[in-house]
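> Quick check, what structure comes out for this input:
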Amino acid sequence: MPSDLAPGSKTSRAPGADPPPDLRPMHRGTVLWVALAVFAQESVWNFYDAQVPGELRRYLTSAGLIGLIMGLDNVLGVLIQPWMGFVSDRRAREGRGRWAVILIGAVLASVPFALIPWTNSLSALMVCVIAFAVIANAFKGVTETLVSDYVPPAHRSKAQGFVKAGVGLTIIVSALISLLVLDRSITLAFAVPPALMLLLFAVSRAFLGRGPTVHPARDDTPAAGGEATPEEEPASPWAIVRNLVRDPSRARLLLMLGIFCFAGMWSALRSQLTPYGMETLGLSRGAAGGLALPGAVAFLVCVIPLAYVSARLGQVRAIRYGVGVFIAGLLIGFASPTVPGTVVAMIVTSAGYATFAVNALVALWNLAPSRHVLGTYTGLYTVASSTGAALGPALLGFTVDLTGWRYMLLNGAFFAVVTFAVFTRLARRTPAPSA
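Reported below is the predicted structural model:
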(Lines give C-alpha, C1' and ligand atoms only; values in the text may rest on other atoms or scores of the structure.)
Protein backbone atom coordinates (compact mmCIF):
# COMPACT_ATOMS: atom_id res chain seq x y z
CA MET A 1 0.00 0.00 0.00
CA PRO A 2 1.44 3.42 -0.90
CA SER A 3 2.57 5.41 2.12
CA ASP A 4 0.22 8.32 1.34
CA LEU A 5 -2.75 5.99 1.74
CA ALA A 6 -1.53 4.34 4.91
CA PRO A 7 -3.19 5.02 8.28
CA GLY A 8 -1.93 8.23 9.79
CA SER A 9 -0.67 9.61 6.50
CA LYS A 10 -1.09 13.27 5.66
CA THR A 11 -3.48 12.47 2.84
CA SER A 12 -6.92 11.64 4.23
CA ARG A 13 -10.28 11.07 2.61
CA ALA A 14 -13.71 9.96 3.59
CA PRO A 15 -14.34 6.20 3.77
CA GLY A 16 -15.62 4.93 0.41
CA ALA A 17 -14.64 8.12 -1.45
CA ASP A 18 -12.74 7.90 -4.72
CA PRO A 19 -9.02 8.66 -4.35
CA PRO A 20 -7.65 11.83 -5.91
CA PRO A 21 -6.55 11.40 -9.55
CA ASP A 22 -2.83 11.28 -8.68
CA LEU A 23 -3.42 8.40 -6.21
CA ARG A 24 -5.54 6.15 -8.40
CA PRO A 25 -3.82 2.95 -9.54
CA MET A 26 -2.92 2.36 -13.16
CA HIS A 27 -5.32 -0.12 -14.74
CA ARG A 28 -3.22 -2.09 -17.22
CA GLY A 29 -6.28 -3.15 -19.19
CA THR A 30 -7.16 0.51 -19.72
CA VAL A 31 -3.60 1.26 -20.85
CA LEU A 32 -3.81 -1.66 -23.28
CA TRP A 33 -6.93 -0.28 -24.96
CA VAL A 34 -5.51 3.26 -25.12
CA ALA A 35 -2.32 1.83 -26.66
CA LEU A 36 -4.47 -0.11 -29.12
CA ALA A 37 -6.16 3.12 -30.25
CA VAL A 38 -2.80 4.81 -30.89
CA PHE A 39 -1.54 1.62 -32.57
CA ALA A 40 -4.59 1.72 -34.87
CA GLN A 41 -3.87 5.16 -36.29
CA GLU A 42 -0.09 4.72 -36.43
CA SER A 43 -0.49 1.54 -38.50
CA VAL A 44 -2.09 3.66 -41.21
CA TRP A 45 0.56 6.39 -40.97
CA ASN A 46 3.43 3.87 -41.21
CA PHE A 47 1.96 2.27 -44.33
CA TYR A 48 1.39 5.76 -45.75
CA ASP A 49 5.05 6.71 -45.21
CA ALA A 50 6.27 3.41 -46.65
CA GLN A 51 4.13 3.13 -49.80
CA VAL A 52 2.89 6.56 -50.90
CA PRO A 53 6.38 7.51 -52.23
CA GLY A 54 6.08 4.53 -54.59
CA GLU A 55 2.77 5.87 -55.85
CA LEU A 56 4.28 9.31 -56.40
CA ARG A 57 7.12 7.78 -58.42
CA ARG A 58 4.55 6.82 -61.06
CA TYR A 59 4.36 10.51 -61.98
CA LEU A 60 7.50 12.15 -60.54
CA THR A 61 11.20 11.43 -60.99
CA SER A 62 12.56 14.03 -58.54
CA ALA A 63 13.35 12.48 -55.15
CA GLY A 64 13.44 15.96 -53.67
CA LEU A 65 9.94 16.76 -54.87
CA ILE A 66 8.64 13.44 -53.59
CA GLY A 67 10.25 14.14 -50.23
CA LEU A 68 8.68 17.59 -50.18
CA ILE A 69 5.22 16.11 -50.74
CA MET A 70 5.81 13.45 -48.10
CA GLY A 71 6.73 16.20 -45.62
CA LEU A 72 3.47 18.01 -46.30
CA ASP A 73 1.64 16.06 -43.59
CA ASN A 74 4.04 17.44 -40.96
CA VAL A 75 3.32 20.99 -42.08
CA LEU A 76 -0.42 20.34 -41.97
CA GLY A 77 -0.03 18.77 -38.52
CA VAL A 78 1.56 21.94 -37.18
CA LEU A 79 -1.37 23.98 -38.49
CA ILE A 80 -4.24 21.61 -37.67
CA GLN A 81 -3.43 19.68 -34.50
CA PRO A 82 -3.44 22.58 -31.98
CA TRP A 83 -6.85 23.71 -33.25
CA MET A 84 -8.35 20.23 -33.16
CA GLY A 85 -6.83 19.67 -29.73
CA PHE A 86 -8.63 22.82 -28.58
CA VAL A 87 -11.90 21.53 -30.05
CA SER A 88 -11.48 18.18 -28.28
CA ASP A 89 -10.66 19.98 -25.00
CA ARG A 90 -13.90 21.92 -25.29
CA ARG A 91 -15.82 18.68 -25.87
CA ALA A 92 -14.12 17.16 -22.82
CA ARG A 93 -15.06 20.14 -20.64
CA GLU A 94 -18.66 19.76 -21.75
CA GLY A 95 -18.59 16.06 -20.82
CA ARG A 96 -18.95 14.79 -24.40
CA GLY A 97 -15.44 13.30 -24.67
CA ARG A 98 -13.04 13.12 -27.60
CA TRP A 99 -14.17 9.88 -29.20
CA ALA A 100 -16.60 11.44 -31.67
CA VAL A 101 -13.74 13.47 -33.19
CA ILE A 102 -11.61 10.32 -33.46
CA LEU A 103 -14.24 7.98 -34.90
CA ILE A 104 -15.72 10.44 -37.40
CA GLY A 105 -12.23 11.47 -38.49
CA ALA A 106 -11.13 7.83 -38.92
CA VAL A 107 -14.13 7.01 -41.12
CA LEU A 108 -13.59 10.09 -43.29
CA ALA A 109 -9.81 9.58 -43.58
CA SER A 110 -10.24 5.97 -44.67
CA VAL A 111 -11.92 7.00 -47.93
CA PRO A 112 -9.09 9.02 -49.57
CA PHE A 113 -6.50 6.57 -48.20
CA ALA A 114 -8.19 3.55 -49.80
CA LEU A 115 -8.61 5.48 -53.07
CA ILE A 116 -4.87 6.25 -53.46
CA PRO A 117 -4.04 3.20 -55.66
CA TRP A 118 -7.17 3.79 -57.80
CA THR A 119 -5.98 7.22 -59.01
CA ASN A 120 -4.73 7.52 -62.59
CA SER A 121 -3.25 11.03 -62.57
CA LEU A 122 -0.97 13.10 -60.37
CA SER A 123 -3.72 15.62 -59.63
CA ALA A 124 -6.11 12.88 -58.45
CA LEU A 125 -3.35 11.31 -56.34
CA MET A 126 -2.55 14.67 -54.76
CA VAL A 127 -6.21 15.22 -53.90
CA CYS A 128 -6.27 11.88 -52.05
CA VAL A 129 -2.92 12.50 -50.33
CA ILE A 130 -3.85 16.00 -49.15
CA ALA A 131 -7.36 14.97 -48.10
CA PHE A 132 -5.98 12.09 -46.04
CA ALA A 133 -3.27 14.24 -44.45
CA VAL A 134 -5.76 16.97 -43.48
CA ILE A 135 -8.37 14.62 -42.00
CA ALA A 136 -5.92 12.25 -40.32
CA ASN A 137 -4.06 15.15 -38.68
CA ALA A 138 -7.40 16.38 -37.34
CA PHE A 139 -7.67 13.39 -34.98
CA LYS A 140 -4.03 12.25 -34.66
CA GLY A 141 -3.20 14.43 -31.65
CA VAL A 142 -6.66 13.85 -30.17
CA THR A 143 -6.01 10.10 -30.11
CA GLU A 144 -2.68 10.62 -28.34
CA THR A 145 -4.46 12.75 -25.72
CA LEU A 146 -6.56 9.73 -24.67
CA VAL A 147 -3.72 8.80 -22.33
CA SER A 148 -4.51 11.88 -20.26
CA ASP A 149 -8.23 11.02 -20.22
CA TYR A 150 -7.91 7.45 -18.99
CA VAL A 151 -4.63 7.29 -17.04
CA PRO A 152 -4.01 9.13 -13.73
CA PRO A 153 -1.21 11.74 -13.94
CA ALA A 154 1.22 9.78 -11.75
CA HIS A 155 1.16 6.83 -14.17
CA ARG A 156 1.25 8.55 -17.55
CA SER A 157 4.96 7.97 -18.18
CA LYS A 158 4.48 4.25 -17.61
CA ALA A 159 1.44 4.25 -19.87
CA GLN A 160 3.39 6.09 -22.57
CA GLY A 161 5.98 3.31 -22.46
CA PHE A 162 3.35 0.78 -23.53
CA VAL A 163 1.94 3.19 -26.11
CA LYS A 164 5.35 3.84 -27.67
CA ALA A 165 6.13 0.12 -27.73
CA GLY A 166 2.90 -0.36 -29.66
CA VAL A 167 3.85 2.42 -32.07
CA GLY A 168 7.15 0.65 -32.69
CA LEU A 169 5.31 -2.54 -33.57
CA THR A 170 3.34 -0.74 -36.30
CA ILE A 171 6.51 -0.77 -38.42
CA ILE A 172 6.33 -4.57 -38.37
CA VAL A 173 2.62 -4.53 -39.27
CA SER A 174 3.26 -2.17 -42.20
CA ALA A 175 6.12 -4.35 -43.42
CA LEU A 176 3.98 -7.51 -43.24
CA ILE A 177 1.16 -5.90 -45.25
CA SER A 178 3.70 -4.83 -47.87
CA LEU A 179 5.33 -8.27 -47.92
CA LEU A 180 2.20 -10.44 -47.97
CA VAL A 181 -0.40 -8.34 -49.78
CA LEU A 182 1.10 -5.54 -51.88
CA ASP A 183 2.50 -7.62 -54.75
CA ARG A 184 -0.76 -9.58 -55.04
CA SER A 185 -3.14 -6.61 -54.94
CA ILE A 186 -2.09 -3.03 -54.35
CA THR A 187 -5.71 -1.92 -53.95
CA LEU A 188 -6.26 -4.53 -51.23
CA ALA A 189 -3.00 -3.51 -49.54
CA PHE A 190 -4.21 0.09 -49.27
CA ALA A 191 -7.60 -1.09 -47.97
CA VAL A 192 -6.20 -3.23 -45.13
CA PRO A 193 -4.66 -0.46 -42.93
CA PRO A 194 -7.79 1.77 -42.75
CA ALA A 195 -10.02 -1.29 -42.21
CA LEU A 196 -7.71 -2.40 -39.39
CA MET A 197 -7.77 1.13 -37.96
CA LEU A 198 -11.57 1.28 -37.88
CA LEU A 199 -11.84 -2.19 -36.32
CA LEU A 200 -9.28 -1.47 -33.60
CA PHE A 201 -10.79 1.95 -32.83
CA ALA A 202 -14.20 0.32 -32.41
CA VAL A 203 -12.78 -2.36 -30.09
CA SER A 204 -10.80 0.20 -28.08
CA ARG A 205 -13.81 2.48 -27.69
CA ALA A 206 -16.04 -0.41 -26.59
CA PHE A 207 -13.69 -1.47 -23.81
CA LEU A 208 -12.63 2.03 -22.70
CA GLY A 209 -16.28 2.97 -22.37
CA ARG A 210 -16.47 0.54 -19.45
CA GLY A 211 -13.17 1.47 -17.86
CA PRO A 212 -12.15 4.04 -15.20
CA THR A 213 -11.70 7.58 -16.52
CA VAL A 214 -9.84 10.59 -15.11
CA HIS A 215 -12.63 12.94 -16.28
CA PRO A 216 -10.62 16.11 -17.01
CA ALA A 217 -13.86 17.94 -17.74
CA ARG A 218 -14.78 17.85 -14.06
CA ASP A 219 -11.32 18.36 -12.60
CA ASP A 220 -10.21 21.91 -11.84
CA THR A 221 -6.87 20.89 -10.34
CA PRO A 222 -3.93 22.49 -12.17
CA ALA A 223 -1.96 19.86 -14.03
CA ALA A 224 1.34 21.01 -12.54
CA GLY A 225 0.15 21.18 -8.97
CA GLY A 226 -0.87 24.06 -6.78
CA GLU A 227 -4.23 25.10 -5.43
CA ALA A 228 -7.38 24.00 -7.15
CA THR A 229 -9.01 27.03 -8.71
CA PRO A 230 -11.65 27.18 -11.42
CA GLU A 231 -10.07 28.38 -14.63
CA GLU A 232 -11.70 30.66 -17.18
CA GLU A 233 -12.38 28.78 -20.38
CA PRO A 234 -9.84 29.86 -23.04
CA ALA A 235 -11.42 31.58 -26.02
CA SER A 236 -9.04 30.11 -28.62
CA PRO A 237 -5.76 28.23 -28.98
CA TRP A 238 -4.03 31.59 -29.27
CA ALA A 239 -5.16 32.47 -25.74
CA ILE A 240 -3.48 29.27 -24.52
CA VAL A 241 -0.31 30.13 -26.44
CA ARG A 242 -0.28 33.64 -24.94
CA ASN A 243 -0.56 32.10 -21.48
CA LEU A 244 2.40 29.84 -22.30
CA VAL A 245 4.55 32.72 -23.57
CA ARG A 246 3.74 34.95 -20.57
CA ASP A 247 4.61 32.28 -18.01
CA PRO A 248 7.15 34.05 -15.72
CA SER A 249 9.14 30.85 -15.10
CA ARG A 250 9.55 30.21 -18.86
CA ALA A 251 9.45 26.49 -18.00
CA ARG A 252 6.95 25.62 -20.72
CA LEU A 253 8.86 27.58 -23.36
CA LEU A 254 12.08 25.84 -22.29
CA LEU A 255 10.40 22.47 -22.60
CA MET A 256 9.08 23.35 -26.07
CA LEU A 257 12.64 24.33 -27.03
CA GLY A 258 13.97 21.06 -25.62
CA ILE A 259 11.37 19.06 -27.56
CA PHE A 260 12.34 20.93 -30.73
CA CYS A 261 16.03 20.16 -30.15
CA PHE A 262 15.70 16.47 -29.25
CA ALA A 263 13.21 15.70 -32.04
CA GLY A 264 15.53 17.49 -34.46
CA MET A 265 18.56 15.52 -33.29
CA TRP A 266 16.80 12.18 -33.64
CA SER A 267 15.36 12.98 -37.06
CA ALA A 268 18.77 14.20 -38.26
CA LEU A 269 20.53 11.06 -37.05
CA ARG A 270 17.95 8.74 -38.65
CA SER A 271 17.89 10.57 -41.98
CA GLN A 272 21.68 10.89 -42.33
CA LEU A 273 22.63 7.44 -41.02
CA THR A 274 22.46 5.65 -44.39
CA PRO A 275 24.73 8.08 -46.26
CA TYR A 276 27.06 8.10 -43.23
CA GLY A 277 27.35 4.31 -43.45
CA MET A 278 28.10 4.51 -47.18
CA GLU A 279 30.58 7.40 -47.00
CA THR A 280 32.40 6.65 -43.73
CA LEU A 281 32.04 2.89 -43.28
CA GLY A 282 32.15 1.91 -46.95
CA LEU A 283 28.87 -0.04 -46.81
CA SER A 284 26.42 -0.65 -49.62
CA ARG A 285 23.16 1.28 -49.55
CA GLY A 286 21.23 -1.73 -48.27
CA ALA A 287 23.74 -2.57 -45.56
CA ALA A 288 23.94 1.06 -44.45
CA GLY A 289 20.16 1.21 -44.23
CA GLY A 290 20.26 -1.79 -41.88
CA LEU A 291 22.36 0.09 -39.32
CA ALA A 292 19.18 1.41 -37.71
CA LEU A 293 17.72 -2.05 -37.02
CA PRO A 294 19.66 -2.83 -33.80
CA GLY A 295 18.63 0.55 -32.43
CA ALA A 296 14.97 -0.14 -33.23
CA VAL A 297 15.17 -3.46 -31.36
CA ALA A 298 16.88 -1.73 -28.42
CA PHE A 299 14.10 0.87 -28.34
CA LEU A 300 11.40 -1.81 -28.13
CA VAL A 301 13.29 -3.70 -25.42
CA CYS A 302 14.00 -0.77 -23.12
CA VAL A 303 11.09 1.63 -23.66
CA ILE A 304 8.75 0.07 -21.05
CA PRO A 305 11.40 -0.39 -18.30
CA LEU A 306 12.56 3.19 -18.88
CA ALA A 307 8.98 4.39 -18.54
CA TYR A 308 8.76 2.86 -15.05
CA VAL A 309 12.12 4.34 -14.03
CA SER A 310 11.06 7.75 -15.37
CA ALA A 311 7.95 7.73 -13.18
CA ARG A 312 10.27 7.74 -10.15
CA LEU A 313 12.82 10.24 -11.48
CA GLY A 314 10.35 12.72 -12.95
CA GLN A 315 9.90 13.31 -16.65
CA VAL A 316 12.23 16.29 -17.15
CA ARG A 317 15.09 14.71 -15.21
CA ALA A 318 14.65 11.43 -17.05
CA ILE A 319 14.88 13.23 -20.41
CA ARG A 320 18.00 15.04 -19.19
CA TYR A 321 19.66 11.72 -18.38
CA GLY A 322 18.46 10.41 -21.74
CA VAL A 323 20.21 13.28 -23.53
CA GLY A 324 23.38 12.35 -21.65
CA VAL A 325 23.05 8.74 -22.84
CA PHE A 326 22.37 10.01 -26.38
CA ILE A 327 25.58 12.08 -26.29
CA ALA A 328 27.55 9.06 -25.02
CA GLY A 329 26.26 6.97 -27.92
CA LEU A 330 27.29 9.57 -30.49
CA LEU A 331 30.78 9.85 -28.97
CA ILE A 332 31.15 6.05 -29.03
CA GLY A 333 30.31 6.04 -32.72
CA PHE A 334 32.74 8.90 -33.43
CA ALA A 335 35.56 7.23 -31.51
CA SER A 336 35.00 3.91 -33.31
CA PRO A 337 34.09 4.57 -36.97
CA THR A 338 33.49 0.88 -37.66
CA VAL A 339 30.36 -1.17 -38.22
CA PRO A 340 30.41 -2.70 -34.68
CA GLY A 341 31.12 0.71 -33.16
CA THR A 342 28.27 2.31 -35.09
CA VAL A 343 25.87 -0.49 -34.13
CA VAL A 344 26.73 0.03 -30.45
CA ALA A 345 26.27 3.78 -30.95
CA MET A 346 22.78 3.25 -32.43
CA ILE A 347 21.78 0.99 -29.54
CA VAL A 348 22.92 3.54 -26.94
CA THR A 349 21.40 6.55 -28.71
CA SER A 350 18.10 4.69 -29.16
CA ALA A 351 17.98 4.03 -25.42
CA GLY A 352 18.53 7.73 -24.83
CA TYR A 353 15.81 8.64 -27.30
CA ALA A 354 13.39 6.20 -25.61
CA THR A 355 13.44 8.34 -22.45
CA PHE A 356 12.38 11.30 -24.56
CA ALA A 357 9.70 9.36 -26.41
CA VAL A 358 7.90 8.27 -23.22
CA ASN A 359 8.33 11.47 -21.23
CA ALA A 360 8.26 14.58 -23.43
CA LEU A 361 4.51 14.80 -23.98
CA VAL A 362 3.76 13.84 -20.37
CA ALA A 363 6.16 16.54 -19.16
CA LEU A 364 4.33 19.13 -21.26
CA TRP A 365 0.96 17.94 -19.90
CA ASN A 366 2.32 18.26 -16.35
CA LEU A 367 3.31 21.88 -16.96
CA ALA A 368 -0.05 22.82 -18.47
CA PRO A 369 -1.99 25.34 -16.36
CA SER A 370 -5.06 23.08 -16.32
CA ARG A 371 -6.15 19.63 -17.38
CA HIS A 372 -8.76 21.43 -19.45
CA VAL A 373 -6.17 22.24 -22.15
CA LEU A 374 -4.28 18.96 -22.55
CA GLY A 375 -5.54 18.38 -26.10
CA THR A 376 -4.24 21.78 -27.15
CA TYR A 377 -0.90 21.06 -25.45
CA THR A 378 -0.68 17.81 -27.41
CA GLY A 379 -0.99 19.94 -30.54
CA LEU A 380 1.74 22.29 -29.29
CA TYR A 381 3.96 19.25 -28.76
CA THR A 382 3.41 18.44 -32.44
CA VAL A 383 4.40 21.98 -33.39
CA ALA A 384 7.72 21.70 -31.53
CA SER A 385 8.57 18.13 -32.52
CA SER A 386 7.51 18.41 -36.18
CA THR A 387 9.41 21.68 -36.63
CA GLY A 388 12.49 20.11 -35.09
CA ALA A 389 12.13 17.00 -37.26
CA ALA A 390 11.84 19.19 -40.36
CA LEU A 391 14.88 21.37 -39.62
CA GLY A 392 17.20 18.92 -37.83
CA PRO A 393 18.38 16.93 -40.88
CA ALA A 394 19.19 20.13 -42.77
CA LEU A 395 21.20 21.60 -39.86
CA LEU A 396 23.23 18.42 -39.40
CA GLY A 397 23.67 18.17 -43.16
CA PHE A 398 25.15 21.67 -43.33
CA THR A 399 27.72 20.75 -40.67
CA VAL A 400 28.64 17.66 -42.71
CA ASP A 401 29.20 19.92 -45.73
CA LEU A 402 31.69 21.88 -43.64
CA THR A 403 33.51 19.05 -41.85
CA GLY A 404 32.93 15.88 -43.87
CA TRP A 405 31.02 12.68 -43.05
CA ARG A 406 33.69 11.41 -40.65
CA TYR A 407 32.69 14.12 -38.13
CA MET A 408 28.91 13.74 -38.45
CA LEU A 409 28.42 12.00 -35.10
CA LEU A 410 30.67 14.52 -33.34
CA ASN A 411 28.67 17.35 -34.88
CA GLY A 412 25.50 15.70 -33.62
CA ALA A 413 27.01 15.45 -30.15
CA PHE A 414 27.61 19.22 -30.20
CA PHE A 415 23.93 19.87 -30.88
CA ALA A 416 23.05 17.35 -28.17
CA VAL A 417 25.12 19.30 -25.64
CA VAL A 418 22.95 22.33 -26.36
CA THR A 419 19.88 20.17 -25.73
CA PHE A 420 21.40 18.89 -22.49
CA ALA A 421 21.90 22.49 -21.34
CA VAL A 422 18.22 23.26 -22.06
CA PHE A 423 16.97 20.31 -19.99
CA THR A 424 19.48 21.02 -17.22
CA ARG A 425 18.11 24.54 -16.87
CA LEU A 426 14.56 23.23 -17.05
CA ALA A 427 15.21 20.58 -14.36
CA ARG A 428 16.16 23.38 -11.95
CA ARG A 429 12.78 25.04 -12.52
CA THR A 430 10.58 21.96 -12.07
CA PRO A 431 9.96 20.21 -8.77
CA ALA A 432 11.17 16.66 -8.23
CA PRO A 433 8.44 14.00 -7.90
CA SER A 434 7.32 13.27 -4.37
CA ALA A 435 8.39 9.95 -2.94
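
> Please give the element, helix or strand, for the closest residue to T119 other than its chain neighbours.
Excluding the flanking residues, the one nearest T119 by C-beta to C-beta, 6 or more residues apart in numbering is L125, at 4.3 Å. Backbone N, C-alpha and C define where each C-beta goes, glycine included. Assigned by DSSP states H and E, L125 falls within helix 122-144.

> Same question for F299.
helix 293-313.

> For that helix, could you pull out the residues that count as buried?
For helix 293-313, the neighbour count (16 or more other C-beta atoms under 10 Å) marks 294-296, 298-300, 302-304, 306-307, 309-311, 313 as buried.

> Show me the two of those residues that sit farthest apart.
With C-beta to C-beta as the measure, no two of the buried residues of helix 293-313 lie farther apart than P294 and A311, at 26.8 Å.

> for S110, what are its contacts?
194-195, 197-198 (C-beta atoms under 8 Å, 6 or more residues apart in numbering).

> ok, the residues you listed vs A263, which is closest?
M197 (24.5 Å).

> so who does the closest residue to that closest one other than its chain neighbours touch?
Nearest residue to M197 in three dimensions, chain neighbours excluded: A40, at 4.5 Å (C-beta to C-beta, 6+ apart). Neighbouring residues of A40 by C-beta under 8 Å, 6+ apart: 106, 143, 196-197, 199-201, 204.

> Kindly reformat those residues as JSON lines containing neighbour count.
Output for the contacts of A40, formatted as JSON lines (neighbours: other C-beta atoms under 10 Å):
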{"residue": "A106", "neighbour count": "23"}
{"residue": "T143", "neighbour count": "26"}
{"residue": "L196", "neighbour count": "17"}
{"residue": "M197", "neighbour count": "25"}
{"residue": "L199", "neighbour count": "11"}
{"residue": "L200", "neighbour count": "19"}
{"residue": "F201", "neighbour count": "22"}
{"residue": "S204", "neighbour count": "23"}
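
> Any idea which of these the model trusts least?
For the contacts of A40, the weakest pLDDT value sits at T143, with 86.

> gap between that one and A191?
The gap separating T143 from A191 is 21 Å, by C-beta to C-beta, to the nearest Å.

> cool, V325 as well?
On the measure of C-beta to C-beta, V325 and A191 end up 41 Å apart.

> still on that earlier bit, which other residues reach the helix holding F299?
Contacts of helix 293-313 (C-beta under 8 Å, 6+ apart): 154-155, 157-162, 164-165, 168-169, 171, 318, 321-322, 343, 346-347, 349-351, 353-355, 357-359, 433.

> Report the separation between I240 and V147.
19 Å.

> Settle it for me: which of these two has more neighbours?
V147 (27 against 24; other C-beta atoms under 10 Å).

> unless I'm mixing things up, that one is touching R156, no?
Yes. Between V147 and R156 there is a contact under C-beta atoms under 8 Å: 5.8 Å.

> now the helices for the stretch 301-435 of the chain?
Assigned by DSSP state H, counting those that start in this stretch, the stretch 301-435 of the chain shows helices spanning 315-335, 339-367, 374-403, 408-427.

> what about the ones you listed, which gets the closest to L76?
helix 374-403 (9.6 Å).

> which of the contacts of S110 are buried?
194, 197-198.

> List just the nearest of the residues you listed to I66.
The nearest one, if we look at these relative to I66 and count by C-beta to C-beta, is P194, at 22.3 Å.

> Please report the distance of the closest one from Y381.
25 Å.

> Could you check the host helix or strand of Q41 and say which residues are buried?
Per DSSP H and E, Q41 falls inside helix 28-56. Across helix 28-56, burial judged by 16+ other C-beta under 10 Å covers 30-48, 51-52, 55-56.

> tilt between that helix and helix 122-144?
170 degrees (axes from the mean of the first three to the mean of the last three C-alpha atoms, to 10 degrees).

> Between the buried residues of helix 293-313, which sits nearest G412?
For the buried residues of helix 293-313, the closest approach to G412 (C-beta to C-beta) belongs to G295, at 13.9 Å.

> Quick check: can you list the domain ranges of the chain?
As given by automatic domain parsing, the domain ranges for the chain are 26-213, 237-427.

> Can you name the residues that contact the nearest residue to R320 once chain neighbours are set aside?
With sequence-adjacent residues excluded and distances taken as C-beta to C-beta, 6+ apart, R320 is closest to F423, at 4.0 Å. Going by C-beta under 8 Å, 6+ apart, F423 touches 258, 316, 319-320, 323.
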